[in-house]
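K.L.:
Sequence first, then the predicted structure:
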Amino acid sequence: QEQLAESGGALVQPGGSLRLSCAAPSTIFVIETMAWYRQPPGKQRELIASITRGGDISYVESVKGRFTLSRDNSTNTMYLQMNSLNPEDTGVYLCYALYQEGGFWLESWGQGTQVTVSS
């Protein structure tokens, strides 16, 4: 199973911005869907944004207008621009990919990157 690599998490003040990146191995040729999940402290993991290979994007209501998801299919990289961050955005952000390999659909996750919004 291929491993995803997230980066960009940090401690930021309320109102600040961060840009997260998720890189999938170049050996994966067909990634159908990539997504970001968030797991706040003591809470369940939730899907916050996803993007298909064709560019269809969806966001959870709480991040609409503040977060922007994008994807570079040529480099298998996904980005999450997060603006107007607030303490409720704190959590571990995990990258997810649904991809095809050897005729099978497979899923992969990253290890997560910590985002902390605090003054």
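P.N.:
Everything's here; your move.

K.L.:
so what's the residue nearest to Lys43 when sequence neighbours are not counted bridging to?
P.N.:
The shortest distance from Lys43 to any non-neighbouring residue, by CB to CB, 6 or more residues apart in numbering, is to Gly91 (7.7 Å). Heads up, the C-betas are built off the backbone N, CA and C, glycines and all. On the basis of DSSP bridges, Gly91 is bridged to Val115.

K.L.:
confidence score at Gly91?
P.N.:
pLDDT recorded at Gly91 is 97.

K.L.:
just Gln1 next, same as before
P.N.:
The model's pLDDT for Gln1 equals 64.

K.L.:
number of nearby residues for the residue nearest to Lys43?
P.N.:
By other CB atoms under 10 Å, 22 other residues sit near Gly91.

K.L.:
Can we start the residue count at 194 from this point?
P.N.:
Sounds good: first residue 194 from here, last item Gly284.

K.L.:
Tell me who's in contact with it.
P.N.:
Arg231, Gln232, Pro233, Pro234, Lys236, Gln307, Val308 (CB atoms under 8 Å, 6 or more residues apart in numbering).

K.L.:
Also Asn279?
P.N.:
Contacts of Asn279 (CB under 8 Å, 6+ apart): Pro207, Gly208, Val310.

K.L.:
Including distance to Ala242, secondary structure and neighbour count, could the residues you listed go into CSV?
P.N.:
Putting these into CSV (distance: CB to CB, whole Å; DSSP: H, G, I helix; E, B strand; the rest coil; neighbours: other CB atoms under 10 Å) gives the following:
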residue, distance to Ala242, secondary structure, neighbour count
Pro207, 20, coil, 13
Gly208, 20, coil, 11
Val310, 17, strand, 20
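
K.L.:
I am finished for the moment; much appreciated.
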